[in-house]
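Visitor: build me a model:
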Amino acid sequence: SSQGPTRDGRFKPDVAAPGTRIVAANGFAGPQRKWISMTGTSMASPYVCGVAALMLTIEPQLTAAQIEGIVQGTSRPLPGASYAWMNDAGFGRIDAAACIRETLTINARTRLP
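Guide: Now for the predicted structure:
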């Protein structure tokens, strides 16, 4: 939501997420305008929450720390950047498909006899 690090030196943000011209349901507009396009953290945050929800659907026992680790570990650098943390995009852009693949791997390991 803002550039880091935090005042106490923590590396934030964790990752970047799509947040530009995101189309979403416009729940308060009535039937004439069902959809709205918006930009900003208010649109990027639900994207990340949706990815976390999908991960929890696959593996309900994941902790918040595990989800954060998977999201950070599978993120991809922005064009021209490295895998190192950056003060404007964290560890890179969230990769939803990679998060799901990693969660499936964890789920398969925990289900083995």
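Visitor: show me where the protein has its strands.
Guide: Assigned by DSSP state E, the strands in the chain fall at 22-25, 35-38.
Visitor: for those strands, give me CSV that also has mean pLDDT.
Guide: Formatted as CSV, these follow (pLDDT from 0 to 100):
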stretch, mean pLDDT
strand 22-25, 86
strand 35-38, 88
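Visitor: for this structure, longest helix please?
Guide: Using DSSP state H, we find that the single longest helix of the chain is helix 41-58.
Visitor: any low-confidence regions in this protein?
Guide: Counting by pLDDT under 70, the chain contains low-confidence ranges at 1, 111-113.
Visitor: spatially central residue in this protein, please.
Guide: The chain has residue 48 as the residue nearest its centroid, 3.1 Å off, counting by Cα atoms, centre = their mean.
Visitor: now do the same contact list for the residue nearest to that one when sequence neighbours are not counted.
Guide: Distance criterion Cβ to Cβ, 6 or more residues apart in numbering; nearest residue to residue 48, sequence neighbours excluded, is residue 17 at 5.0 Å. To be clear about C-beta, it is placed using only N, CA and C from the backbone, and glycine gets the same treatment. Residues near residue 17 by Cβ atoms under 8 Å, 6 or more residues apart in numbering: 44-45, 47-48, 93-94.
Visitor: that older thread, ok now the longest helix of the chain, how far from the chain's centre?
Guide: The chain centre lies 6 Å from the centre of helix 41-58; the measure is Cα atoms, centre = their mean, to the nearest Å.
Visitor: list the buried ones in it?
Guide: Under the neighbour-count criterion of 16 or more other Cβ atoms under 10 Å, helix 41-58 has 43-44, 47-48, 51-52, 55, 58 buried.
Visitor: C-alpha coordinates for it, PDB please?
Guide: Extracted in PDB, the C-alpha atoms of helix 41-58 (Å, rounded to 0.1, in the frame of the first residue of the first chain):
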ATOM      1  CA  THR A  41      -4.700  -0.700  -3.200                       C
ATOM      2  CA  SER A  42      -8.500  -1.200  -2.800                       C
ATOM      3  CA  MET A  43      -8.400  -3.400  -5.900                       C
ATOM      4  CA  ALA A  44      -5.000  -5.100  -5.300                       C
ATOM      5  CA  SER A  45      -5.800  -6.200  -1.800                       C
ATOM      6  CA  PRO A  46      -8.900  -8.300  -2.800                       C
ATOM      7  CA  TYR A  47      -6.800 -10.000  -5.500                       C
ATOM      8  CA  VAL A  48      -4.300 -11.200  -2.900                       C
ATOM      9  CA  CYS A  49      -7.100 -12.200  -0.500                       C
ATOM     10  CA  GLY A  50      -8.600 -14.200  -3.400                       C
ATOM     11  CA  VAL A  51      -5.400 -16.000  -4.000                       C
ATOM     12  CA  ALA A  52      -5.100 -16.800  -0.300                       C
ATOM     13  CA  ALA A  53      -8.700 -18.100  -0.300                       C
ATOM     14  CA  LEU A  54      -7.900 -20.400  -3.200                       C
ATOM     15  CA  MET A  55      -4.800 -21.700  -1.300                       C
ATOM     16  CA  LEU A  56      -6.900 -22.400   1.800                       C
ATOM     17  CA  THR A  57      -9.500 -24.200  -0.300                       C
ATOM     18  CA  ILE A  58      -6.700 -26.600  -1.300                       C
END
